[in-house]
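Q: here's a sequence, model it:
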Amino acid sequence: QVQLVESGGGLVQPGGSLRLSCAASGLTLDHYAIGWFRQAPGKEREGVSCIRSSDGRTYYEDSVKGRFTISRDITNNTVYLQMNRLKAEDTAVYYCNTAPNALVYLWGQGTQVTVSS
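A: This next block holds a predicted model:
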């Protein structure tokens with residue numbers, strides 16, 4: 001079964017950190033550009049960051065530049081999103097998928113990130 005499973009979310013205070021994981025089964029992540037997306041309540045899903053398959057080059061949405069870091073572990077077939085200096089506006093459900101064009105059948109349950117004091 002081809003799937004991506006997100007984990008690592010939780011409740012954190014403003015200024016705190018979390019590391020999200022995107023574990024793949026049935027596909028090899030380093031063959032694809034993989035992105036992290038998020039959807040806040042009442043808002044459209046948006047792209048946050050992605051990592052290119054060919055050379056590992058990374059991209060970030062402006063609001064997370066300097067705070068978030070995307071990386072991949074080829075051995076464990078996992079992509080990570082290290083999130084530092086979290087803000088209330090980072091609160092959302094976070095998903096991973098292929099990028100820039102997500103594959104509908106790869107959308108998973110996501111992982112909830114809540115930044116609140």
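Q: neighbours around the nearest residue to Ala24 once chain neighbours are set aside, how many?
A: Sequence neighbours aside, Asn77 is the residue nearest to Ala24 in space, at 4.9 Å (criterion: Cβ to Cβ, 6 or more residues apart in numbering). Where you see a C-beta, it was placed from the backbone N, CA and C, and this is true even at glycine. If you count neighbours by other Cβ atoms under 10 Å, Asn77 ends up with 16.
Q: what about the spatially most central residue of the chain, which helix or strand?
A: With distances taken as Cα atoms, centre = their mean, Trp36 lies nearest the centre of the chain, 3.0 Å away. Trp36 belongs to strand 34-39 when assigned by DSSP states H and E.
Q: paired strands for that strand, with orientation please.
A: Strand pairing for strand 34-39, using DSSP bridges, gives strand 46-51 (antiparallel), strand 92-98 (antiparallel).
Q: and it, how far out from the chain's middle?
A: Distance, stretch centre to chain centre, for strand 34-39: 5 Å (Cα atoms, centre = their mean, to the nearest Å).
Q: which residues does that strand contact?
A: Among residues not part of strand 34-39, those counted as contacts by Cβ atoms under 8 Å, 6 or more residues apart in numbering are 20, 22, 45-51, 53, 70, 72, 79, 81, 90, 92-100, 102, 110, 113.
Q: write the ChimeraX selection for whichever of those are buried.
A: The ChimeraX command for the buried members of the contacts of strand 34-39 (criterion: 16 or more other Cβ atoms under 10 Å) is given here:
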select :20,22,45,47,48,49,50,51,53,70,72,79,81,90,92,93,94,95,96,97,98,99,102,110,113
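Q: which ones are touching Tyr59?
A: Ser49, Cys50, Ile51, Arg52.
Q: bridged to the third one, which residues?
A: So the one you mean is Ile51. Beta-bridge partners of Ile51, as defined by DSSP bridges: Ile34, Thr58.
Q: what's the separation between it and Phe68?
A: 12 Å (Cβ to Cβ, to the nearest Å).
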